[in-house]
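A.B. asks: Please work out how this folds:
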Amino acid sequence: MSDMTKTLWGQFMTAFNEQMKIEGVPQMLTGPQPWNWGGKNPPIGSIPYQQVQFLNIVPASPLVDPNTYGMKLSFGQQYKAFLNSLMVTDGGDEGQKLQQNIINATQNLGTVQASVNVAYQNFQQQTGSTESYADWLKNEGIAVAAQLQQATTAYQNAQSTYDEYMKKLKGPITDAVKQYNDNLSTVVGQAGTTLKDQPVFQLSETPWSYIQRITNDNYGSDASAGSARTFSFSSSTQEWSDSTVYSEGELGGLFDFFGFEAAGRVEKVSTEHFSSEYDITFAFQDVSVVNVTPENWFDASMPSNYVNGPFMPGHSGFEHGNDVYYFGKGGNLARIVSQMIVGYRPTITINAGTDFAEEVKQKVSGEGGFFIGPFEFGGAGGSDSDKGTVKVDGQTITCTSNSNWGTIIGLGTNWIVNPR
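C.D. replies: Next comes the predicted model:
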């Protein structure tokens, strides 16, 4: 990744954080995320799987990539792992033995998962494919998927045996485990199938009610009732940096700020000819903050009450030697998604010199999508088929969205336990 890409992402994060006034720590997206979960007129009370997939994460790096969901333990799984790691003294030797079985199965699953992740990443690098991790497991990765399923089943069996044992006990830790198990939900998959036992995060507004509100119940129209917002950055904008959240290495591993996608493959748009003097403006017909709250499977008092354990051997609250740890920078349960920032029909204007504008013009002359940070313009097909237009006039690039749905600009996240 070039220094210019790091600079652009850092400046975007600064503008997003300061001008949009988000809560807590900013979290960016690697690519476009249309906010159309559940579609129009979803059944009352139904939860689409995309909502779980997108929000049930532990924000651990500057960017979120929904295509990689499943490559790491989710927030719900990490919270359950935290509960499992607490030494249940009222369970006696048998309870601790079952806890150790879970820890062993979790470690084995982590080892297998890591090797599978490497195989998927190698596939992406070698082919340039945009295929999601879940789809890859069903196709090119089917051989390693069997190994992963075996390790997952062993973990689930160990967890199930422990959960059954815990039902006989009483105490705050055992109560929290029961609360988690009793409050998981069934959600609706993209093909209309149901998925059981999912840790759901509720939203203060659904995608459909959002569109109804900002368009005055006129789907497909401009946001006549929206709150227009604009934010921008330029070559003089300071890069976002907070060493208590991300290391320099993590900020150095960001995805390219510009890209071009066609036929399921992503190509870079080089910033070699990017002018040293530039400005980028993001104007939206509406920007809204959607609050995100975990359902009752999560007891927010447990992490703060048990930040110092007692833990099973090899586990700790904050970083300690080679222990598995849960809180603070890099912790398995460091932060939680608390807000989504949603925008409608953005227009992005880039002034970065005629050479860069000409390169973009050549790239988008055919059928394909032009990526700018977490946004995509041009192209055809996909879940949001009307992605808008890209026009080049001299050194000015103007990208206009005609989408009928909102798009997620970024996330606000909060620490589960304040870092030390």
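A.B. asks: And for Leu203, nearest residue in space, chain neighbours not counted?
C.D. replies: Excluding its sequence neighbours, the residue lying closest to Leu203 (C-beta to C-beta, 6 or more residues apart in numbering) is Val290, at 5.4 Å. In short, each C-beta sits where N, CA and C put it, glycine included.
A.B. asks: Work out for me the element the one you found sits within.
C.D. replies: Assigned by DSSP states H and E, Val290 belongs to strand 286-294.
A.B. asks: what lines up beside that strand in the sheet?
C.D. replies: Sheet pairing of strand 286-294 (DSSP bridges) gives strand 201-203 (antiparallel), strand 335-344 (antiparallel).
A.B. asks: contacts for the first one?
C.D. replies: Residues from elsewhere that reach strand 201-203, judged by C-beta atoms under 8 Å, 6 or more residues apart in numbering: 51-52, 55-56, 290-295, 337, 340.
A.B. asks: Neighbours of Gln179, how many?
C.D. replies: For Gln179, the neighbour count with other C-beta atoms under 10 Å is 15.
A.B. asks: if I pick it, what's in contact with it?
C.D. replies: Counted by C-beta under 8 Å, 6+ apart, Gln179 has contacts 296-297, 299.
A.B. asks: go on, Ser204?
C.D. replies: Contacts of Ser204 (C-beta under 8 Å, 6+ apart): 290-293.
A.B. asks: likewise Met302?
C.D. replies: Counting by C-beta under 8 Å, 6+ apart, Met302 touches 82-83, 172-173, 176.
A.B. asks: which residues of the stretch 101-250 of the chain fall in helices?
C.D. replies: 133-138, 142-166, 172-182, 207-214, 248-251 (DSSP state H, counting those that start in this stretch).
A.B. asks: For the third one, which residues meet the burial criterion?
C.D. replies: By neighbour count on 16 or more other C-beta atoms under 10 Å, the buried set for helix 172-182 is 173-174, 176-177, 180-181.
A.B. asks: and of those, the nearest to Ala223?
C.D. replies: Tyr180 (39.2 Å; C-beta to C-beta).
A.B. asks: hang on, Asn418 in a strand?
C.D. replies: No - per DSSP: H, G, I helix; E, B strand; the rest coil, Asn418 lies outside any strand segment and is coil.
A.B. asks: Same list (the buried residues of helix 172-182) but as JSON lines, adding pLDDT and distance to Gly328.
C.D. replies: As requested, those are exported to JSON lines (pLDDT from 0 to 100; distance: C-beta to C-beta, whole Å):
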{"residue": "Ile173", "pLDDT": "88", "distance to Gly328": "21"}
{"residue": "Thr174", "pLDDT": "86", "distance to Gly328": "26"}
{"residue": "Ala176", "pLDDT": "92", "distance to Gly328": "21"}
{"residue": "Val177", "pLDDT": "90", "distance to Gly328": "24"}
{"residue": "Tyr180", "pLDDT": "95", "distance to Gly328": "23"}
{"residue": "Asn181", "pLDDT": "93", "distance to Gly328": "27"}
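A.B. asks: ok, so of those residues, who is nearest Thr389?
C.D. replies: Closest to Thr389 out of the buried residues of helix 172-182 is Tyr180 (47.3 Å), distances taken as C-beta to C-beta.
A.B. asks: Touching, that closest one and Asn296? I think so.
C.D. replies: No - Tyr180 lies out of contact with Asn296 (C-beta atoms under 8 Å); the separation is 9.1 Å.
A.B. asks: just the helices in the stretch 251-400 of the chain please.
C.D. replies: Using DSSP H, counting those that start in this stretch, helices in the stretch 251-400 of the chain cover 301-305, 354-363.
A.B. asks: about what we covered before: pull the most distant pair out of the contacts of Met302.
C.D. replies: So, the contacts of Met302 by C-beta to C-beta: farthest apart are Phe82 and Pro172, at 13.4 Å.
A.B. asks: Tell me the most packed of the contacts of Gln179, by neighbour count.
C.D. replies: Trp297 (21 neighbours).
A.B. asks: Contact partners for that residue?
C.D. replies: Trp297 sits in contact with 76, 179-184, 199-200, where contact means C-beta under 8 Å, 6+ apart.
A.B. asks: same check, this time on Asn296
C.D. replies: So Asn296 contacts 179, 183 (C-beta under 8 Å, 6+ apart).
A.B. asks: repeat for Gly314
C.D. replies: Going by C-beta under 8 Å, 6+ apart, Gly314 touches 103, 322-324.
A.B. asks: Look at Thr230 and say how many residues are nearby.
C.D. replies: Each residue near Thr230 was counted by other C-beta under 10 Å, and the total is 12.
A.B. asks: Kindly report the same for Val392.
C.D. replies: 20.
A.B. asks: and the gap between it and Thr130?
C.D. replies: 24 Å (C-beta to C-beta, to the nearest Å).
A.B. asks: related to what we said a few turns ago, now do the residue nearest to Leu203, the pLDDT please.
C.D. replies: At Val290, the model reports a pLDDT of 95.
A.B. asks: Pretty sure it sits against Glu205.
C.D. replies: Yes - Val290 is within contact range of Glu205, at 5.3 Å (criterion: C-beta under 8 Å).
A.B. asks: Now do the shared contacts for those two.
C.D. replies: The contact sets of Val290 and Glu205 do not overlap (C-beta under 8 Å, 6+ apart).
A.B. asks: Roughly how far does Gly309 sit from Val337?
C.D. replies: 26 Å.
A.B. asks: Ok, Val392 next?
C.D. replies: 36 Å.
A.B. asks: now swap in Lys40 and tell me
C.D. replies: Relative to Val337, Lys40 is positioned 25 Å away (C-beta to C-beta).
A.B. asks: cool, Phe75 as well?
C.D. replies: Going from Phe75 to Val337 by C-beta to C-beta gives 8 Å.
A.B. asks: who touches both of the two?
C.D. replies: With contacts defined as C-beta under 8 Å, 6+ apart, the residues adjacent to both Phe75 and Val337 are Ile57.
A.B. asks: hang on, the earlier thing: how about the residue nearest to Leu203, what does it touch?
C.D. replies: So Val290 contacts 203-205, 210, 339-342 (C-beta under 8 Å, 6+ apart).
A.B. asks: from these, which would you call buried?
C.D. replies: In the contacts of Val290, the ones that pass as buried (16+ other C-beta under 10 Å) are 203, 205, 210, 339-342.
A.B. asks: In a markdown table: these, plus distance to Ile397.
C.D. replies: As requested, those are exported to a markdown table (distance: C-beta to C-beta, whole Å):
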| residue | distance to Ile397 |
| --- | --- |
| Leu203 | 33 |
| Glu205 | 32 |
| Tyr210 | 28 |
| Gln339 | 30 |
| Met340 | 27 |
| Ile341 | 23 |
| Val342 | 24 |
